[in-house]
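**Student:** Here is the input, now give the coordinates:
(one chain, ligands or ions: 1)
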Amino acid sequence: MAQQEDVFKKIISHCKEYGFVFPSSEIYDGLGAVYDYGQNGVELKNNIKKYWWDSMTLMNENVVGIDSAVFMHPTIWKASGHVDAFNDPLIDNKDSKKRYRADVLIEEQIAKFEDKINKEIEKAAKRFGDAFDEKQFRETNPRVLENQGKIDELHARFAKALNDNDLVDLRQIILDYEIVCPVSGTRNWTEVRQFNLMFATEMGSTADGAMKVYLRPETAQGIFVNFLNVQKSGRMKIPFGIAQIGKAFRNEIVARQFIFRMREFEQMEMQFFVRPGEELEWFAKWKEIRLKWHKSLGLGDEKYRYHDHEKLAHYANAATDIEFEMPFGFKEVEGIHSRTDFDLSSHEQYSGKKIQYFDPELNQSYVPYVIETSIGVDRMFLSIMAGSYSEETLEGGDSRVVLKLPPALAPVKLAVLPLVKKDGLPEKAREIMDNLKFNFNCRYDEKDTVGKRYRRQDAIGTPYCVTVDYDSLNDHCVTIRYRDTMEQERVPVAGLENIISDKVSMKNLLKQIAKS
Ligand code: GAP
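**Tutor:** Numbers count the residues shown, from 1 in each chain. So this is what the prediction gives:
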């Protein structure tokens, strides 16, 4: 685990050193849980968004996109339930004056019991070697059973307290399990209070009477309130979907883990409107499609898993997360939710406008049901960074850090390197760049040894480098070097576009998802 934390720290500093992610307002000592994307980060982020957008809107004739405003009428957030229920239960330690999410403190306690079980399993696996049967061990080992019993008991009590919104019992759990403040080490806790996560501001001058408005905490509501606009203007027939990419804002209290939990972040959400009664079938379909989308990137199928929700939000009748194995464990990257007709019905009620669909096949009107797929761009970014970051020892004892990014997402696809800065080699390299720059992102680099230049490109995940040497001036060939294998081969300049385009185009990724 410590080793993994170490890897995570290295990824964070790599992101900064190579222009992927910077802390916001750094020269003013930063702003908590807010980050800026640098010159390479923005390219990777744009590519992630394009991969998602194209997979939704190009591959599905019945999914169209919108781009709604961040500011919306404040009643929207009343109707969606965010004003009353988008809360985190907070608790303060009176000695350290640090504030925590009560639910996170309890989840960490559950994780401690899980760690104890895992350690027992690790020890036994070493002792018994190939003969080790983990299932049997879990069912019979007294220490494992004791800890599993503690987990089950705590889990049940915790779920009940959350469901009942019982803040007194949440605090009591923290006391009963002797959970201490990680900073002061004491159990001197305040009461638990609910804290709303929405940022509010004012619209209009105070003289006119300003209106309190919120920065949207999810993009989904912009889709719901435009359901009729899109359905009518696009003559959409159910089932159909509306996709959107945009910023969302949450005043997160426990804002740790780099870009995993931010106060300003970006979401890619798609609401798929279906006939009532058909939603669970569509839920299963979208679950499968979305996992395929992730796996097509080739970071390793074993790095993904579903986490089905046992405890459902009051408006949902099924929900699952797609989790990715981050350096700090399996974590949610995307949520797929069957949201029933909750949102549209609620907007009908609050707006007083009929929000229904006339189904010509059934000859009846109804409020459609909704399947939502919701993924954070920044979490996706982090999962790709974590899945691609690799430290390798090379022959001869040298080492390199390489980002094995999926080529279609890499910020730079091709680096063009003249062997020396003279004798017409830079001009030849520029000529190659000028031809290829319309196809994909190319970078020119003539500084330092070729070896150093390769390392720089490895560090930002450039899948191809070509070196222009003296022979290139006569034979019009270059040496292409492949990032992952470091193999090199001589290829004609005229063939470069084909070799590279095929590997870096998103078309092949999309085709993989389309395969049934
Ligand atoms: N409309 C549904 C919705 O917003 P959510 O589970 O709260 O659901 C969806 O958020 C996704 O947005 C998450 O799976 C995660 O990837 C991303 N996300 C949520 N809060 C985030 C935060 N504070 N920082 C970064 N990403 C976040």
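
**Student:** Could you use CA atoms for every contact and neighbour count after this?
**Tutor:** Fine.

**Student:** Just give the number of residues close to the nearest residue to residue 45 once chain neighbours are set aside.
**Tutor:** Spatially, and ignoring its direct neighbours in sequence, residue 45 is nearest to residue 381 (6.6 Å; Cα to Cα, 6 or more residues apart in numbering). Residue 381 sits with 20 neighbouring residues when counted by other Cα atoms under 10 Å.

**Student:** Check the spacing between residue 381 and residue 22 real quick.
**Tutor:** For residue 381, the distance to residue 22 equals 14 Å [Cα to Cα, to the nearest Å].

**Student:** need the residues of this protein near the ligand, please.
**Tutor:** 218, 220, 260-263, 265, 267, 332-335, 374-376, 378-379 (Cα under 6 Å from any ligand atom).

**Student:** Which among these count as buried?
**Tutor:** 218, 220, 260-263, 265, 267, 332-335, 374-376, 378-379 (16 or more other Cα atoms under 10 Å).

**Student:** So which of those belong to helices?
**Tutor:** Counted as lying in helices by DSSP state H, out of those, are 220, 378-379.

**Student:** Would you format those as a markdown table with pLDDT included?
**Tutor:** Shown next, in a markdown table, are these (pLDDT from 0 to 100):
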| residue | pLDDT |
| --- | --- |
| 220 | 98 |
| 378 | 98 |
| 379 | 98 |
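
**Student:** buried residues in the longest helix that the chain contains?
**Tutor:** If you go by DSSP H, the chain has its longest helix at helix 102-128. For helix 102-128, a neighbour-count test (16+ other Cα under 10 Å) marks 102-103, 105-106, 109-110, 113-114, 117, 121, 124-125 as buried.

**Student:** From residue 410, how far out is the residue of the stretch 301-450 of the chain found nearest the ligand?
**Tutor:** Relative to the ligand, the nearest point of the stretch 301-450 of the chain is residue 376 (3.3 Å; Cα to the nearest ligand atom). For residue 376, the distance to residue 410 equals 19 Å [Cα to Cα].

**Student:** do the same with residue 444
**Tutor:** 16 Å.

**Student:** out of those two, which sits in the busier spot?
**Tutor:** residue 410 (24 against 17).

**Student:** and the more buried one, what does it touch?
**Tutor:** Listed by Cα atoms under 8 Å, 6 or more residues apart in numbering, the contact partners of residue 410 are 43-44, 47, 460-463.

**Student:** phi, psi of it?
**Tutor:** As for residue 410, its main-chain torsions (degrees, to the nearest 10) stand at phi -60, psi 140.

**Student:** For the ligand, give me its nearest residue in the stretch 1-150 of the chain.
**Tutor:** Closest point on the stretch 1-150 of the chain to the ligand, by Cα to the nearest ligand atom, is residue 33, at 8.4 Å.

**Student:** Which secondary structure state is assigned to that residue?
**Tutor:** coil (DSSP: H, G, I helix; E, B strand; the rest coil).

**Student:** Verify the stated contact: it with residue 260.
**Tutor:** No - using Cα atoms under 8 Å, residue 33 and residue 260 do not qualify as a contacting pair, with a distance of 9.1 Å.

**Student:** re earlier: joint contacts of residue 381 and residue 22?
**Tutor:** Joint contacts of residue 381 and residue 22 (Cα under 8 Å, 6+ apart) do not exist.

**Student:** Now do the strands in the stretch 101-250 of the chain.
**Tutor:** Along the stretch 101-250 of the chain, counting by DSSP state E, counting those that start in this stretch, strands occupy 193-196, 199-203, 211-215, 240-249.

**Student:** Neighbouring strands - and their directions - for the last one?
**Tutor:** Pairing partners of strand 240-249, with direction, according to DSSP bridges: strand 63-66 (parallel), strand 264-274 (antiparallel).

**Student:** To residue 147, which of these lies closest?
**Tutor:** Closest approach to residue 147 among the strands paired with strand 240-249 is made by strand 264-274 (37.3 Å; Cα to Cα).

**Student:** residues in contact with the helix or strand following the closest one?
**Tutor:** Once the chain leaves strand 264-274, the next helix or strand it forms, by DSSP states H and E, is helix 279-295. Residues from elsewhere that reach helix 279-295 (Cα under 8 Å, 6+ apart): 274, 301, 304, 318, 320, 322, 336-338, 340, 369-371, 373, 513.

**Student:** can you pull the buried residues of helix 279-295?
**Tutor:** For helix 279-295, using 16+ other Cα under 10 Å, the buried residues are 279-280, 282-283, 286-287, 290-295.

**Student:** measure residue 218 to residue 72 for me?
**Tutor:** Distance of residue 218 to residue 72, computed by Cα to Cα: 11 Å.

**Student:** Same check on residue 196?
**Tutor:** Applying Cα to Cα to residue 196 and residue 72 gives a distance of 18 Å.

**Student:** Neighbours of residue 58, how many?
**Tutor:** Residues near residue 58, counting by other Cα under 10 Å, number 13.

**Student:** what do you get for residue 455?
**Tutor:** Residue 455, neighbours per other Cα under 10 Å, totals 17.

**Student:** ditto for the one 5 residues further on
**Tutor:** Residue neighbour count, defined by other Cα under 10 Å, stands at 24 for residue 460.

**Student:** How about residue 186?
**Tutor:** The number of residues near residue 186, taken as other Cα under 10 Å, comes to 15.

**Student:** That one contacts residue 95, doesn't it?
**Tutor:** Yes - Residue 186 is within contact range of residue 95, at 7.3 Å (criterion: Cα under 8 Å).

**Student:** Could you find the closest non-adjacent residue to residue 270?
**Tutor:** Leaving aside its sequence neighbours, residue 270 sits nearest to residue 243 (Cα to Cα, 6+ apart; 4.2 Å).

**Student:** quick one on the thing from earlier: which members of the buried residues of helix 279-295 are the farthest-apart pair?
**Tutor:** Longest span within the buried residues of helix 279-295, Cα to Cα: 279 and 295, 24.3 Å.

**Student:** Convert stretch 274-293 to PDB, retaining C-alpha atoms only.
**Tutor:** The C-alpha coordinates for stretch 274-293 follow below in PDB (Å, rounded to 0.1, in the frame of the first residue of the first chain):
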ATOM      1  CA  VAL A 274     -37.300   5.200 -22.400                       C
ATOM      2  CA  ARG A 275     -40.800   3.700 -22.000                       C
ATOM      3  CA  PRO A 276     -41.800   3.100 -18.400                       C
ATOM      4  CA  GLY A 277     -41.300  -0.600 -17.700                       C
ATOM      5  CA  GLU A 278     -38.400  -0.900 -20.100                       C
ATOM      6  CA  GLU A 279     -35.900   0.900 -18.000                       C
ATOM      7  CA  LEU A 280     -34.100  -2.100 -16.400                       C
ATOM      8  CA  GLU A 281     -33.500  -3.700 -19.800                       C
ATOM      9  CA  TRP A 282     -31.900  -0.400 -21.000                       C
ATOM     10  CA  PHE A 283     -30.000  -0.100 -17.700                       C
ATOM     11  CA  ALA A 284     -28.400  -3.500 -18.400                       C
ATOM     12  CA  LYS A 285     -27.500  -2.500 -22.000                       C
ATOM     13  CA  TRP A 286     -25.900   0.800 -21.000                       C
ATOM     14  CA  LYS A 287     -24.000  -0.900 -18.200                       C
ATOM     15  CA  GLU A 288     -22.400  -3.200 -20.800                       C
ATOM     16  CA  ILE A 289     -21.800  -0.500 -23.400                       C
ATOM     17  CA  ARG A 290     -20.100   1.800 -20.900                       C
ATOM     18  CA  LEU A 291     -17.800  -0.900 -19.600                       C
ATOM     19  CA  LYS A 292     -16.800  -1.800 -23.100                       C
ATOM     20  CA  TRP A 293     -16.000   1.900 -23.800                       C
END
